[in-house]
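Peer 1: no letters, just coordinates:
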């Protein structure tokens, strides 16, 4: 079964605005990862946050992890039209032996 | 550049006609995965290879098989495709320290069953 849910399912913003999406999970994790998928393409790894980390940054991306609430968020600052894509969180649970379990994703549309 | 390559990008097959999708990698990663992704859904793990060790997910239909003849190549065989097997098939790789790193995905093969 899928590990957790993503919220919102879809997000529409204008260029320059920030986009925030959330991911929840059910069981203990080793790490949590975020991926981007452009329409009809493969997934691109964005950022990985380990269970003992609370926040990570990569360029305009900021990821937080709250293990007490079993949730993570991805913030994209100063969004651009090129950020239009689906964003997936993927959980590597402690009992999964390195396998990633993906959520259903958040579809982000950034309009110029 | 090191990468994961999937061929073909688009595949059309007839109902019940066996089809093979291929994946190759130049990363020398020891773990290779096959995911199925249907429209607007989460990628679903079908199986993976840890070196030559094949690991099938419990809910992967018997209709799906895989082969890994060497480190670089991995194949997904669908023995008798049904209409419900139409999907994007994604190949991914990860290194030995798979608990600490992300996956590298190919661009996917979109399978249409007619």
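Peer 2: It's in. Just so we're clear, the structure is a prediction, and the values are computed from it rather than from any experiment.
Peer 1: bridging residues for residue A:50?
Peer 2: Taking DSSP bridges as the rule, residue A:50 bridges to residue A:31.
Peer 1: quick check: residues of chain B near chain A?
Peer 2: Within reach of chain A by C-beta under 8 Å from any C-beta of the partner chain, chain B has these residues: B:4, B:6, B:31, B:33, B:35, B:40-45, B:48, B:88, B:90, B:92, B:94, B:98-108, B:110. (Each C-beta comes from the backbone N, C-alpha and C, glycine too.)
Peer 1: what subset of those is buried?
Peer 2: Buried subset of those (neighbour count, 16 or more other C-beta atoms under 10 Å in any protein chain shown): B:4, B:6, B:31, B:33, B:35, B:42-45, B:48, B:88, B:90, B:92, B:94, B:98, B:101-108, B:110.
Peer 1: where does residue A:82 sit: helix, strand or coil?
Peer 2: Three-state call for residue A:82 (DSSP: H, G, I helix; E, B strand; the rest coil): helix.
Peer 1: following the lowest-mean-pLDDT helix or strand in chain A, which helix or strand comes up?
Peer 2: None of the helices or strands of chain A scores lower by mean pLDDT, DSSP states H and E than strand A:6-7, at a mean of 90. Later in the chain than strand A:6-7, the nearest helix or strand by DSSP states H and E is strand A:10-14.
Peer 1: check the offset of that next one from the chain's centre.
Peer 2: 15 Å (C-alpha atoms, centre = their mean, to the nearest Å).
Peer 1: for chain B, just list every one of the strands.
Peer 2: B:4-7, B:10-13, B:19-25, B:31-37, B:44-50, B:53-56, B:64-67, B:73-78, B:87-94, B:104-105, B:109-113 (DSSP state E).
Peer 1: list the strands paired with the shortest one, with their directions.
Peer 2: Strand B:104-105 has its sheet partners listed here by DSSP bridges as strand B:87-94 (antiparallel).
Peer 1: and the angle from the partner strand to strand B:44-50?
Peer 2: Strand B:87-94 runs at 30 degrees relative to strand B:44-50, counting by axes from the mean of the first three to the mean of the last three C-alpha atoms, to 10 degrees.
Peer 1: who's in contact with strand B:87-94?
Peer 2: For strand B:87-94, contacts defined as C-beta atoms under 8 Å, 6 or more residues apart in numbering or on different chains pick out A:40, A:42-43, A:98, B:4, B:6, B:21, B:23, B:25, B:27, B:29, B:31-39, B:43, B:74, B:76, B:101-106, B:108-111.
Peer 1: quick one: mean pLDDT over that strand.
Peer 2: Here strand B:87-94 scores 96 as its mean pLDDT.
Peer 1: and stretch A:88-96, by the same measure?
Peer 2: Here the average pLDDT along stretch A:88-96 is 87.
Peer 1: for it, buried residues please.
Peer 2: In terms of neighbour count (16+ other C-beta under 10 Å), stretch A:88-96 has its buried residues at A:88, A:89, A:90, A:91, A:92, A:93, A:96.
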